[in-house]
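# Sequence first, predicted model second:
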Amino acid sequence: MRIVYMGSPASAVKPLAYLLEHLGDEHELLGVVSQPAKLVGRGRKKAPQDPPVAQYAKERQLAVLQPQKARDIGFLEELKKWEPDLMVTCAYGQILSEDFLAIPKRGTINIHPSRLPLYRGATPIPAALLSGESSTAVTILFTVKALDAGNIITQKEFSIGGTETAAELTDRLFFESGPLLMEAIAKLKDSSFVGTVQDESKVTHCRKIYKNQGFIDWNASAKEIYNRFRAFYPWPGSYTYLAGKRVLIESMSLGSEEQENAVTQVRAGSCHYDKNNELILIKAGVGCIGIQQMKASGSKSCNAKSFWNGHCSKVFKS
C-alpha cells in the first residue's frame with residue numbers, strides 16, 4: 001500500500017520511526033502531514049519551529065505537507081496527487097473532514113491510546129489516570145466522521161505503573177504502538193477486512209483539560225491529589241499557594257503510614273518537614289502527600305529542604 005503518516009508531537013515520532021524501519025519493499029511511505037511551524041521563544045528571539053514529526057521527516061528527506069487546516073482545498077488537492085491507499089493518524093491535532101476521508105482508497109486509521117470504547121476524545125491518558133485505572137490499551141481503529149467511533153482493527157492492553165505520569169505513559173504507549181500499527185497494516189491487505197464494531201453501551205468520553213484544574217484541593221484524599229498530579233504532568237501542572245505566592249509542584253509522592261501520623265492532628269493543607277526523607281509533608285483530606293521538588297512564582301526550582309528553609313509560613317492555602 002501507498003501510505004501517508006500524519007502526526008505532530010514528539011510522542012508521534014515513535015510509531016513513524018517504527019513504520020520506516022519495518023515497511024520493507026511491500027509498502028511505500030509517500031510522505032508526512034504535520035501541523036505548521038509555530039513561533040517559539042520570547043520577544044525578538046521568536047522564530048518559527050516545526051513540530052517534532054515534521055522535523056523528523058525533513059531530516060530524513062521525506063515529503064512533508066503542513067497545512068494550516070486539514071480541510072483547506074489546496075492541501076486536499078496536493079494530497080490527492082499523492083494517490084494514497086492508506087492514511088495513518090497519530091496525535092495529528094486537527095479534525096478531519098469527509099472530503100479528506102474520501103481520498104485514501106483503503107481508508108484512514110488512527111492510533112488511539114485507550115481501551116476503546118472507553119475514553120474517546122483528545123485526553124484519554126489523563127482521563128485514565130484521573131480515574132485511577134491500573135491498565136489501559138492502545139487501539140488501532142478506522143477513522144470515521146464520529147469521534148473515535150470507527151471499527152477496531154487491533155487492540156493491546158498495557159498495565160499502568162503506580163507512579164507513571166501522563167508524560168511517561170504517553171511516551172510508552174506510543175512507543176509500543178509501532179508493532180500494533182504494522183499488525184493493522186497487515187490485516188488491511190485483506191480488502192474484505194472491516195474490523196470489529198465498538199460496543200456503544202460501554203462508551204465513555206474524555207473531558208477537555210483547563211489550566212485552572214491544576215489547582216490542588218488539599219481537602220481531597222491524598223490518592224485523588226496524587227492521581228491528579230500524575231494526570232496533569234506536565235500540563236497544566238499541579239500548583240498551590242504559600243503566603244500568597246503560586247507554587248508549582250514538580251515532584252510528588254503518596255505519604256507512608258508513618259508520615260501520615262506526623263500530620264494526623266492538623267487540618268488539611270498544613271505542612272510538616274520530614275528531615276529524615278527531606279520531604280515536605282502536606283496533610284490531605286485523607287492521608288498525606290510528600291513533596292520533593294517545587295518552584296515558587298518568580299523563583300528557581302528547588303528541593304524540599306531549600307524551599308522549607310527559605311519560607312516562614314507553614315500553611316498552604318486549601
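Structure's in. What do you need?

# can you pull the contacts of the residue nearest to Ser253 when sequence neighbours are not counted?
Excluding the flanking residues, the one nearest Ser253 by C-beta to C-beta, 6 or more residues apart in numbering is Gly290, at 4.4 Å. C-beta here means a position set from N, CA and C on the backbone, and glycine is covered the same way. Going by C-beta atoms under 8 Å, 6 or more residues apart in numbering, Gly290 touches 252-255, 259, 274, 277, 279-282.

# okay if I get the residues you listed as a markdown table plus secondary structure and neighbour count?
A markdown table is the format used below for these (DSSP: H, G, I helix; E, B strand; the rest coil; neighbours: other C-beta atoms under 10 Å):
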| residue | secondary structure | neighbour count |
| --- | --- | --- |
| Met252 | strand | 24 |
| Ser253 | strand | 16 |
| Leu254 | strand | 19 |
| Gly255 | coil | 24 |
| Gln259 | helix | 20 |
| Asp274 | strand | 21 |
| Asn277 | coil | 15 |
| Leu279 | strand | 25 |
| Ile280 | strand | 22 |
| Leu281 | strand | 23 |
| Ile282 | strand | 27 |
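
# Pick the one among those closest to Ser97.
For the contacts of Gly290, the residue nearest Ser97 by C-beta to C-beta is Met252; the value is 41.8 Å.

# Near the spatially closest residue to the closest one that is not a sequence neighbour, how many other residues are there?
Nearest non-adjacent residue to Met252, counting by C-beta to C-beta, 6+ apart: Phe229, 4.7 Å away. Per other C-beta atoms under 10 Å, the neighbour tally for Phe229 reads 24.

# residue contacts, Phe229?
Counting by C-beta under 8 Å, 6+ apart, Phe229 touches 165, 216, 238, 249, 252.

# ok, of the contacts of Gly290, which one's closest to Lys300?
Within these, proximity to Lys300 (C-beta to C-beta) peaks at Ile280, which comes in at 16.8 Å.

# for stretch 296-306, which positions count as buried?
Across stretch 296-306, burial judged by 16 or more other C-beta atoms under 10 Å covers 296, 302-304.

# Where does pLDDT dip in this structure?
Within the chain, the ranges that satisfy pLDDT under 70 run 42-45, 311-318.

# Need the single longest helix in it, by residues.
In the chain, assigned by DSSP state H, the helix with the most residues is helix 166-188.

# Would you convert the buried residues of stretch 296-306 into JSON lines that also reports secondary structure and distance to Gly24?
JSON lines is the format used below for these (DSSP: H, G, I helix; E, B strand; the rest coil; distance: C-beta to C-beta, whole Å):
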{"residue": "Ala296", "secondary structure": "strand", "distance to Gly24": "54"}
{"residue": "Cys302", "secondary structure": "strand", "distance to Gly24": "51"}
{"residue": "Asn303", "secondary structure": "strand", "distance to Gly24": "50"}
{"residue": "Ala304", "secondary structure": "helix", "distance to Gly24": "52"}
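
# Would you mind reformatting these (as CSV) and adding columns for distance to Thr154 while you're at it?
Conversion of those to CSV gives the following (distance: C-beta to C-beta, whole Å):
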residue, distance to Thr154
Ala296, 47
Cys302, 46
Asn303, 44
Ala304, 45
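
# pull the CA atoms of stretch 55-64 into PDB?
Extracted in PDB, the C-alpha atoms of stretch 55-64 (Å, rounded to 0.1, in the frame of the first residue of the first chain):
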ATOM      1  CA  GLN A  55      11.400  17.900  11.900                       C
ATOM      2  CA  TYR A  56      12.000  14.200  12.000                       C
ATOM      3  CA  ALA A  57      10.500  13.700   8.500                       C
ATOM      4  CA  LYS A  58      12.500  16.500   6.900                       C
ATOM      5  CA  GLU A  59      15.700  15.300   8.400                       C
ATOM      6  CA  ARG A  60      15.100  12.000   6.500                       C
ATOM      7  CA  GLN A  61      14.200  13.800   3.300                       C
ATOM      8  CA  LEU A  62      10.600  12.700   3.400                       C
ATOM      9  CA  ALA A  63       7.900  14.800   1.600                       C
ATOM     10  CA  VAL A  64       6.100  16.900   4.100                       C
END
